[in-house]
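> Sequence first, then the predicted structure, then my questions.
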Amino acid sequence: MGLTWPASVFQHTLMATDQLLPGGSIGPRMTMSVAARITGPVDLGLLDQAYDDLVARNDVLRTTMVQVDGGGYLQQVHPHQAVHLEKTDGHGATPGQLADEWSRTPVPSTAAPLIRGHVAQLDDGDHVVGLTLHHLHTDPRSLHLAIAELGRLYTARVDGRPEPAPELQFGEYVEQRLASVADRLDADRDFWRTTMAGARPMALSPDLQRDWERQPSSGSFRIQVLDADQAAVMERWARKNRTTMFGALFTGFSLAMADRLENRDVLVSTVFEQRDRPGTKDMIGPFIHPALLRVQVPEGASWESLAPLVRDSVLNAYNRAHIPAIEVLGMHMDVLQEIAMRPAGLCVFQYIPAHVSEKPIPFGPAQANVVPGDEGGPTGDVGLMFRLHRLPTGEVIARVTFDERDLDEPLARELFGEFAARLSEPLAGA
């Protein structure tokens, strides 16, 4: 079989989900992409070699998933074979148009490499380079790490010097991570059994009915949550109340959704990025952990009274995110069945902090800047997803995605509006 490593929590979750909903979680359209505009002289031959170097030195880009006896999954690393950038005619196109076109490139998850590279010349000394990766093997931060590493490798080629090999590969990290929590798995599974006992998917509107004759499809819209000044105020409020930006935003979400629920029991899926081990800060890979969050909101709760409950819920889930959410739901089949059957049964709330430097990326004597785009990544067909993202400019934007079999855009905007209205409360008191 060759070199193998255990699957990460995220990879296991996507593979297991595909068993329930074939194609939706690991299909060739489940990709994430990044593009950068390079200003200055570029040797396309050396850039092509640097792209080949990128794939050669990162095992995760040459990895497919295999199922083993018992239902588990392994990462299988394939030997490197030469890869090349796909050249596009860029004359008359904008960087944004090229980035959008390349982002639609399918990347099958069943054959290495799990990446596609593109380059286009806009004019003399003006190029755009793009990378599209399968979501099984990347996360939002990794996109920018990959383009920055491509710049370093190109610079090394220009300078005629070798770039040091990575100290750690993603598969090795996963094995170390799993070993570090092995002695607490039983206790953590008991925590999730207790925490999820009696939970139910949120019934956000009593009138919702699923159109079972309609094919699954997602609607979405992008909207500002907080401008840069408001986001700074929210950060100060979070620090004052000993929580995080994620905790503050989820407090507002919980207050808003609880007002719609008879039991005031908020249950969502989320993801946590965990790069807390040495050597992982600059590593490409899916360092995200899907997890469940449950907050039982007391009647009459305020921002100040609910924030500690949310903080504890988030911290407990973060510390036990190595138990896959799909496994947790498997402990409570009644919850899983209701999620599958209830309109908008799966509600997702995510917050992605700003992680992109606005500083240019060196490409030899040239400089590159990342092309602005939607970094949320694929959503699949979900019930309702609020994916919040902090931009380098400081503002917080949201990509709201909804299953069109379950609800329409006016209702999705109404739900977002109630969330946004709650966020105005701590801002008004600043």
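Yes, it's here.
> In three-state terms, label the residue nearest to Phe250 when sequence neighbours are not counted for me.
Spatial nearest neighbour of Phe250, chain neighbours left out: Val310 (5.5 Å); criterion: C-beta to C-beta, 6 or more residues apart in numbering. In this view, the C-beta of every residue, glycine as well, is placed from N, C-alpha and C. Secondary structure assignment for Val310 (DSSP: H, G, I helix; E, B strand; the rest coil): helix.
> Val310: what's it in contact with?
By C-beta atoms under 8 Å, 6 or more residues apart in numbering, the contact list for Val310 reads Thr243, Gly247, Phe250, Thr251, Ser254, Val295.
> Of the residues you listed - the most surrounded one?
Counting neighbours by other C-beta atoms under 10 Å, Thr251 comes out on top of these with 31 neighbours.
> isn't that one right up against Ser302?
No: with contact defined as C-beta atoms under 8 Å, Thr251 does not reach Ser302; the gap is 9.7 Å.
> Can you pull out the residues in contact with the helix or strand Leu336 falls within?
Under the criterion of DSSP states H and E, Leu336 resides in helix 333-341. Under the criterion C-beta under 8 Å, 6+ apart, residues Leu20, Met196, Ala199, Arg200, Pro201, Arg210, Leu329, Gly330, Gly345, Leu346, Gly383 lie in contact with helix 333-341.
> Leu114 - nearest residue in space that isn't next to it in sequence?
Computed as C-beta to C-beta, 6+ apart, the closest residue to Leu114 that is not its neighbour in sequence is His134, at 4.4 Å.
> Show the contacting residues for Leu261.
Counted by C-beta under 8 Å, 6+ apart, Leu261 has contacts Met202, Ala203, Leu204.
> If we only consider those residues, which is nearest to Pro140?
Met202 (25.8 Å; C-beta to C-beta).
> In this structure, where is pLDDT below threshold?
Along the chain, segments meeting pLDDT under 70 span 1-2, 21-24, 355-357, 373-382, 430.
> and it, what are its domains?
4-172, 184-428 (automatic domain parsing).
> can you redo those domains as a markdown table with distance to Leu178?
Output for the domains of the chain, formatted as a markdown table (distance: least, C-beta to C-beta, whole Å):
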| stretch | distance to Leu178 |
| --- | --- |
| domain 4-172 | 6 |
| domain 184-428 | 7 |
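> Verify the contact between the residue nearest to Leu114 and Gly27 for me.
No: the pair His134 / Gly27 is not scored as a contact, 9.4 Å apart, by C-beta under 8 Å.
> Mind checking which of those two has more residues around it?
His134 (28 against 18).
> show me the contacts for that one.
For His134, the contacting residues are Pro28, Met30, Thr31, Val107, Pro108, Ser109, Leu114, Ile115, by C-beta under 8 Å, 6+ apart.
> Pull out the buried residues from those residues.
Met30, Thr31, Val107, Ser109, Leu114, Ile115 (16 or more other C-beta atoms under 10 Å).
> quick one: which of those is nearest His389?
Distances from His389 to these, taken by C-beta to C-beta, are shortest for Thr31, at 17.5 Å.
> what are the phi and psi values for that closest one?
phi -120, psi 160 (degrees, to the nearest 10).
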